[in-house]
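Asker: With the sequence up front, the predicted model follows.
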Amino acid sequence: SEPVLECAARLLRSHGLVGGLLAGGTATAMRQAPSAAIYFGAYHALLPRLRERLGRGGSAAPLLSGGFAGVVAYTATYPLDVVKARQQSSC
């Protein structure tokens with residue numbers, strides 16, 4: 001595997017700044033926007049329900065809501081993450 005700085009230098013020489021170092025930037029934004037929307041939507045939908053079941057005090061409800069929301073968001077946007085990773089792994 002090529003060291004990071006050598007890879008970055010090769011990308012700059014062959015594709016320039018925009019095409020090289022920023023490769024996958026559009027795919028990252030296209031993944032991140034729906035991922036954040038899904039995450040926060042799921043978190044805020046789950047939190048009150050878990051607080052009802054687990055009680056208002058403590059950190060279990062926010063912790064579980066965040067975990068479940070992350071799983072839902074990542075599962076929903078995983079195909080976009082694959083596209084992003086393939087665009088960024090030119091080295």
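Answerer: Structure's in. What do you need?
Asker: what stretches of the chain score poorly on pLDDT?
Answerer: Residue ranges of the chain with pLDDT under 70: 1, 21, 90-91.
Asker: Where does the nearest residue to K84 once chain neighbours are set aside sit, in terms of helix or strand?
Answerer: Sequence neighbours aside, A27 is the residue nearest to K84 in space, at 3.9 Å (criterion: C-beta to C-beta, 6 or more residues apart in numbering). All C-beta atoms are positioned from the backbone trio N, CA, C, and that covers glycine. Assigned by DSSP states H and E, A27 falls within helix 25-54.
Asker: Now find how far off-centre the helix or strand following that helix is within its chain.
Answerer: Using DSSP H and E, the helix or strand that follows helix 25-54 towards the C-terminus is helix 60-88. Here helix 60-88 shows a centroid-to-chain-centroid distance of 6 Å under the convention C-alpha atoms, centre = their mean, to the nearest Å.
Asker: For helix 60-88, name the packing helices and strands.
Answerer: Helix 60-88 sits against helix 25-54, with contacts defined as 3 or more C-beta pairs under 8 Å, 6 or more residues apart in numbering; DSSP states H and E.
Asker: mind listing what's buried in the helix it packs on?
Answerer: Neighbour-count burial for helix 25-54, counted by 16 or more other C-beta atoms under 10 Å, picks out A27, T28, R31, S35, I38, Y39, A42, Y43, L46, L47, L50, R51.
Asker: Thank you kindly, that will do.
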